[in-house]
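In: coordinates for the following, if possible.
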Amino acid sequence: MIKLQVAIDLLKTEDALALAKKVAPYVDIIELGTPLIKSEGVAVIRAMKDAFPDKEVFADFKTADTGELEAGLAFDAGADYVTILGSVDDATIEGAVKAAKEHGRGVVIDTIGVKDRVKRAKEVTKLGVSFVELHAGLDEQALEGYSIQVLIDEAKKAGVPVSIAGGVNKDNIDAVKNSGAVVAVAGGAIYSAEDPAAAAKELHDLINA
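Out: Modelled structure (predicted):
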């Protein structure tokens, strides 16, 4: 069954915890966005894991270098997953995977900025990562003509464990679920909703229908 991941792109620990409290009953993975971690430091990871020990906590570091070191920082703080950029040298990914194995945790490759996401997904999966995030960032999503269908089609072609992040919402969640992705990542569809809990529940129910 595909998992639902909420991406929390807020800037304060207390706001992130408040949002997580509302949506936790309906999500499997709680993602701490890069701006949040940059704003609050790794302490926000520990705060979230302590508050929701039964949830997987995803630290969106988007690491570009010193993979083993930065992954270790995330895991020591309580993260279950940490992201490494797919555009980096394989050595950075291998270092992060080494740290993940030592901690019994996982590495996720973020393909933001990668031109051939399917090819890179296949390459990095061989390095021992947990899954690959087919990711269109907020800036890419704002471009004229952007469609999440591109990511959905790539997921079908990849043939390896992937997540989809780039505008997941109630209107496309069925297509995301049927793409073969192992994780659906919803950000604005949840945290920008008038009622985040209701939005998360709707996505949860559609996934499990």
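In: hmm, which helix or strand of the chain has the shakiest average pLDDT?
Out: Lowest on mean pLDDT, DSSP states H and E among the helices and strands of the chain sits helix 138-141, with a mean of 92.
In: what comes into contact with that helix?
Out: Residues outside helix 138-141 that contact it (Cβ atoms under 8 Å, 6 or more residues apart in numbering) are 112, 146, 166-167. Backbone N, C-alpha and C define where each C-beta goes, glycine included.
In: could the residues you listed be laid out in JSON lines, adding pLDDT, distance to Leu32 and neighbour count?
Out: Listed next are these as JSON lines, based on pLDDT from 0 to 100; distance: Cβ to Cβ, whole Å; neighbours: other Cβ atoms under 10 Å:
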{"residue": "Ile112", "pLDDT": "96", "distance to Leu32": "16", "neighbour count": "21"}
{"residue": "Tyr146", "pLDDT": "95", "distance to Leu32": "25", "neighbour count": "14"}
{"residue": "Gly166", "pLDDT": "96", "distance to Leu32": "18", "neighbour count": "22"}
{"residue": "Gly167", "pLDDT": "96", "distance to Leu32": "20", "neighbour count": "22"}
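In: TSV please, covering the residues you listed and showing distance to Ala136 and secondary structure.
Out: TSV is the format used below for those (distance: Cβ to Cβ, whole Å; DSSP: H, G, I helix; E, B strand; the rest coil):
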residue	distance to Ala136	secondary structure
Ile112	7	coil
Tyr146	7	coil
Gly166	3	coil
Gly167	7	coil
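In: tell me the helices in the chain, going along the chain?
Out: Ranges of helices in the chain, per DSSP state H, are 13-23, 34-40, 43-51, 67-76, 90-103, 117-125, 138-141, 149-158, 173-177, 188-191, 196-207.
In: which other helices and strands contact the longest one?
Out: When contacts are defined as 3 or more Cβ pairs under 8 Å, 6 or more residues apart in numbering; DSSP states H and E, helix 90-103 packs onto helix 67-76, strand 81-85, strand 106-110, helix 117-125.
In: pass me the low-pLDDT residue ranges in this protein, would you?
Out: Within the chain, no range satisfies pLDDT under 70.
In: return the list of strands paired to the longest strand seen in the chain, each annotated with direction.
Out: The residue-count maximum for a strand in the chain (DSSP state E) belongs to strand 56-63. In the sheet, strand 56-63 lines up against strand 29-32 (parallel), strand 81-85 (parallel) (DSSP bridges).
In: and of these, who's closest to Val185?
Out: Closest to Val185 of the strands paired with strand 56-63 is strand 29-32 (Cβ to Cβ; 6.9 Å).
In: other residues contacting the closest one?
Out: With Cβ under 8 Å, 6+ apart as the criterion, strand 29-32 contacts 3-8, 16, 20, 24, 44-45, 48, 52, 55-60, 80-81, 183, 185.
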